[in-house]
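>>> okay, here's the prediction I keep looking at, along with the sequence it came from:
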Amino acid sequence: MTNLFNRAGRMAIGSMVLLLMLIGQVAAQNISRSHLHTHPTLPEPERLARHNLVVQWTAQLPTFNMKDAIHDIHVLGVSEDHSSEQLLVQLKSGTVALFDAESGKQLWLANPEFSYQVVWPVTWNRHSIFCQAKNTLYAFERETGRLQFKQQIPDIQSAPPLASDIHMFISDERGYLKGYELPPFDRTGVRYRNLALLRDRDRRRAELLKPAVEPKADPEKQQEMPKDKDAAEPKEEMPAAKAPPKADPGRPDRMRDEANAPVSRNNPADARYMALNDEPNMVPVWSAAVGQPISFRPIQGENSLFVALNLLPENLAFGSSLANNLTGVQGGAFTLDKAERNGRPAEITGDPVPNTPFLVTRGKFVAPPTRFQNIAYVADDIGTITAWGIETNGQAWRANIGGPVNRPLMVTESEVYAMGERVGLWRLDRATGSATWNIRHGNGSIGYLPEATRVLTVGPRVIYATDLANRLMVVDRQTGLRLGLLDTSGWVVPVLNNQTDRLYLAANDGSIACLRDRDSKGVFRHNPDDRKLEIKSRTLRKMLAELREKFGRTLSVSPRAFQSVGMEVPYDKEIMADDMAGLDISAQVRQLLRKIGCRIETVGGEEFVLPLRSVPLEAPPMEEKAPPAENAKPKEEKQ
């Protein structure tokens, strides 16, 4: 009897030990931590001050019960219509809320006609916020939260939808990526898209009509300036610059009339977007056959989409050098034309097809791809990180960190932060993909921070990350050394902020807090994706480097072509740029190159910078002259 009791006791103790080990392993791997329902409190101000942090604002969302929690949360960047960042939150009950990310003011709160039926994370564009319940898509006005339209999606989706200013892109389970054109008006008859174009036109016109401000003269410098010898002589007065013409309010304005015109079914342009009950609906415009379901939400560049998916064994559409061994190809990606140019629908003759070459990897994609400017960044489960040009459809660089990447990449203006399962946090150069940290570890050095698991935000001097226990780590941005550790384990919902240096904490009871660096004088902004892309370099040398590093586009210069026309390559010649509002990157490059007498020509799939004047590369052979005779006398030169 005693032996049975001892045996049962040993089995109970062993099972408890195994259970504790399993719980510890689950906690260490941070599995399902974001689903925990907690009621956290912020650390004391004295503790925050030790880490140079202060509380910017706090907010509380109305969660109804323990079943309700935060489904997804996003930081929206600035745009032409929004001068400050915004925080977008969707609860599992269906409530959607929008906050001012700097002040914490609640802009609006919307309660859709569904509850606890949220399927996908929200998506957004310049005008609207889109959320989905089962197969119904709801569109809310971004300024006020008013319902614009709702529509049932007939297909079963395989990935979250993506919205541009004029299109909605939806992927279904049958292997099709479909493009729908959004209605230009809402259910109340407001033409929000035309009104946005009208505001852009009026904003540009006001900037052009704004008088130039002359710099004030410094009286001290005027006294130190030497007197001119010819000061007594009268100088010719320069004619005054003409003031720019003012807009005539009585002149008919076609764009304003179109924006304020009433919506009517008798108008064929309006009837195209109206359902039988006169509700605005999306219109399908194209359908691209992919061949298998898409795994992740596509990301969009200026004119193209970047689509990443995990390949099926029977999918032979991705032709490459690895196609002979299908067991070695696990992940794939391609680019696709989204049929819009400069914010307007483009004319298409057929359904778009995936562009070649394809991106293929030997590992599967676990985390969704990310984007910065016109370059997509994607990582697989064997540690391979690839930077791919969305518009150029070419590889910029490829690196490997030696372990599976199971977190979304954090990309800033100069770095790419990759988080692996057993390899910690890596900091890579965004231009080359090389590791930039060299941290002392034991008797040697390593290029990563082993205890960090996720990056929340990046400031000018420090990085805010979390470890396995969900504690906040303050890391030096340049060296990778840990500067501090703060207990924030109760804030279980991660908020990734790739727009500014603000640190956001969230919990499933609806609590949201914003922290900032105590020494920061203002918002430190990275180059956000929602801002208009613009070429900032004003010399050819700097422009080539900017196109290669920021946009993944390589231009080659042909010195021989410039020599054939008697020109030197204008590498350092200053470019006087005009207003390029509304132009894409290609149009901006062509306009800037034309200012210095250059143009772009594609030869064999490679883009070259050539002189604007076109001359034959091979000069005609020169006629050989007979040598003069020995006894011949030189001709006398005429006076």
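The structure has been received and is ready for your questions.
>>> quick one: buried residues of stretch 434-446?
Buried positions in stretch 434-446, judged by neighbour count with 16 or more other CB atoms under 10 Å: 435-437, 439, 446. Every residue, glycine included, has its C-beta placed from N, CA and C.
>>> gap between the two ends of that stretch?
Using CA to CA, to the nearest Å, one end of stretch 434-446 lies 13 Å from the other.
>>> just the helices in the stretch 1-150 of the chain please.
For the stretch 1-150 of the chain, the helices defined by DSSP state H, counting those that start in this stretch occupy 2-29, 45-50.
>>> rank the ones you listed by pLDDT, which is bottom?
Out of the helices of the stretch 1-150 of the chain, helix 2-29 stands lowest, with a mean of 60 (criterion: mean pLDDT).
>>> my guess is A133 contacts V122. True?
No. Shown here, A133 and V122 do not form a contact pair, counting by CB atoms under 8 Å, at 11.4 Å.
>>> more neighbours: which of these two?
Neighbour count, other CB atoms under 10 Å: between A133 and V122, V122 has more, with 22 against 18.
>>> the more buried one and G402, how far apart?
35 Å (CB to CB, to the nearest Å).
>>> show me the shaky parts of the stretch 51-200 of the chain.
Across the stretch 51-200 of the chain, the ranges flagged by pLDDT under 70 are 80-81.
>>> which of the buried residues of stretch 434-446 sits closest to P183?
Checking the buried residues of stretch 434-446 against P183 by CB to CB gives T436 as the nearest, at 47.0 Å.
>>> any idea how far the closest residue in space to the closest one that isn't next to it in sequence lies from D186?
Of all residues beyond its chain neighbours, the one nearest T436 is R427 (5.2 Å), with distances taken as CB to CB, 6 or more residues apart in numbering. R427 is 45 Å from D186, where distance means CB to CB.
>>> what of R205?
Going from R205 to D186 by CB to CB gives 26 Å.
>>> got it, and T58?
If you measure T58 against D186 using CB to CB, the figure is 33 Å.
>>> now do the contacts for A308.
Taking CB atoms under 8 Å, 6 or more residues apart in numbering, we find A308 in contact with 294-296, 298, 331-333, 365, 368-369, 376, 378.
>>> now it: phi and psi?
Dihedral angles of A308 (phi, psi; degrees, to the nearest 10) stand at phi -110, psi 140.
>>> name the nearest residue to it, ignoring sequence neighbours.
Among residues not flanking A308 along the chain, A333 sits closest, at 4.3 Å (CB to CB, 6+ apart).
>>> can you check H127 too?
Nearest residue to H127, sequence neighbours excluded (CB to CB, 6+ apart): Y192, at 5.2 Å.
>>> I'd guessed the one you found sits against F140; true?
No. Applying CB under 8 Å as the test, Y192 and F140 come out as separate, 11.7 Å apart.
>>> those two: which is more packed in?
F140 (24 against 21).
>>> and L592, which of the three is it?
helix (DSSP: H, G, I helix; E, B strand; the rest coil).
>>> any figure for the gap between the nearest residue in space to it that is not next to it in sequence and L555?
Across the structure, with CB to CB, 6+ apart as the measure, the residue nearest L592 apart from its sequence neighbours is I575 (5.3 Å). Using CB to CB, one obtains 15 Å as the distance from I575 to L555.
>>> ok, M543 - how many residues close by?
Burial of M543 is recorded as 22 neighbouring residues (other CB under 10 Å).
>>> helix or strand next in line after the strand or helix carrying it, which one?
According to DSSP states H and E, M543 maps onto helix 540-550. On the C-terminal side of helix 540-550, the closest following helix or strand by DSSP H and E is strand 555-557.
>>> who touches that following strand?
Among residues not part of strand 555-557, those counted as contacts by CB under 8 Å, 6+ apart are 540, 544, 547, 569, 589, 600, 606-609.
>>> for the residues you listed, which one is nearest T453?
Compare each of the contacts of strand 555-557 with T453 using CB to CB and the shortest gap goes to L547, at 34.8 Å.
>>> OK, contacts around the closest one?
L547 sits next to 535, 553-555, 585, 589 when contact means CB under 8 Å, 6+ apart.
>>> and those, which of them are buried?
Applying the neighbour count, that is 16+ other CB under 10 Å, the buried entries in these are 535, 553, 555, 585, 589.
>>> just give me the neighbour total for I382.
As a burial measure, the neighbour count of I382 was computed by other CB under 10 Å and equals 17.
>>> ditto for D467
Per other CB under 10 Å, the neighbour tally for D467 reads 20.
>>> can you check Y273 too?
By the criterion of other CB under 10 Å, Y273 has 18 neighbours.
>>> so what's it up against?
For Y273, the contacting residues are 181, 183-185, 280-283, taking CB under 8 Å, 6+ apart as the criterion.
>>> find the nearest non-adjacent residue to it, please.
P183 (4.0 Å).
>>> so that neighbour versus T144, what's the distance?
For P183, the distance to T144 - CB to CB - is 17 Å.
>>> okay, the two: which has more neighbours?
For P183 and T144, the more surrounded residue by other CB under 10 Å is P183, and the numbers stand at 25 against 11.
>>> let me see the contact set for the more buried one.
Counting by CB under 8 Å, 6+ apart, the residues that P183 touches are 149, 273, 280-283.
>>> which residue ranges of the stretch 201-350 of the chain form helices?
Under DSSP H, counting those that start in this stretch, the stretch 201-350 of the chain gives helices at 219-224, 254-260, 268-271.
>>> weakest of those helices by average pLDDT?
Of all those, the minimum mean pLDDT falls on helix 219-224 (a mean of 48).
>>> export the buried ones among the contacts of L547 as JSON lines, with columns for pLDDT.
As requested, the buried ones among the contacts of L547 are arranged in JSON lines below (pLDDT from 0 to 100):
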{"residue": "I535", "pLDDT": "78"}
{"residue": "R553", "pLDDT": "72"}
{"residue": "L555", "pLDDT": "85"}
{"residue": "I585", "pLDDT": "71"}
{"residue": "V589", "pLDDT": "84"}
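>>> what's the closest of those residues to A506?
The shortest separation between A506 and any of those is 35.6 Å, and it belongs to I585 (by CB to CB).
>>> hmm, that closest one is touching M543, no?
No. The criterion here is CB under 8 Å, and I585 misses it with M543 at 11.0 Å.
>>> what sits in contact with each of these two?
Common neighbours of I585 and M543 (criterion: CB under 8 Å, 6+ apart): I535.
>>> one step back: quick check: bridge partners of the residue nearest to A308?
A308, L359 (DSSP bridges).
>>> do V118 as well
Partner residues in beta bridges with V118, using DSSP bridges, are A133.
>>> same deal with L485?
Here L485, judged by DSSP bridges, has bridge partners M473.
>>> any idea how far it lies from R471?
As for L485, its distance to R471 is 6 Å (criterion: CB to CB).
>>> just L87 next, same as before
If you measure L87 against R471 using CB to CB, the figure is 23 Å.
>>> looking at the two, which one has more neighbours?
For L87 and R471, the more surrounded residue by other CB under 10 Å is L87, and the numbers stand at 25 against 14.
>>> what's near enough to touch the more buried one?
By CB under 8 Å, 6+ apart, L87 lies in contact with 73-76, 98-101, 504, 512.
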